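[1] Below are the sequence and a predicted model; questions follow.
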Amino acid sequence: MKAIVCVEAVRYLKASQVEQREKRYYITSMDPDAEKIAYAVRSHWAVENSLHWVLDVAFHEDGSRKRAGNAAENFSIVCRIALNLLKNDTTRKRGIKGKRLDAGWDNEYLLKIIKN
């Protein structure tokens, strides 16, 4: 451990015209360089936001009612595997949601995705 970092995030909600502030704390092995740490934090959240947004839009993960035992975690792993398989397919010019629908309607396309 080389540093403890506090990042204050500020966002403005247009609909309610409310400003929200949130402090997030990080422990890092990076040298205490504000610019590099800020870049690392932003990069982490960019990955988190893009992945979770895709999982929610294409797989409706936020609306899932799986709560018993390990069901939620297991289903999340299956969704991530499916997401990666769909992302790797370059034969169709469609988004993930569209490719998922195609795979559900077309068994040949589904098998092609699974085999790759």
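    Looks like it arrived, so ask away. Numbers count the residues shown, from 1 in each chain.
[2] Other residues contacting stretch 81-95?
    54-55, 58-59, 96, 98-100, 102-103, 109, 112-114, 116 (CB atoms under 8 Å, 6 or more residues apart in numbering). Every C-beta, even on glycine, is put in place using the N, C-alpha and C of the backbone.
[3] no no, stretch 104-116
    Residues contacting stretch 104-116 (CB under 8 Å, 6+ apart): 85-86, 88-89, 91-92, 99, 102-103.
[4] How about the secondary structure of Y12?
    Secondary structure assignment for Y12 (DSSP: H, G, I helix; E, B strand; the rest coil): strand.
[5] hey, what's it bridged with?
    Counting by DSSP bridges, Y12 forms beta bridges with E19.
[6] What count of nearby residues applies to it?
    By the criterion of other CB atoms under 10 Å, Y12 has 9 neighbours.
[7] Please name the residues that touch it.
    Applying CB under 8 Å, 6+ apart, the residues contacting Y12 are 18-20.
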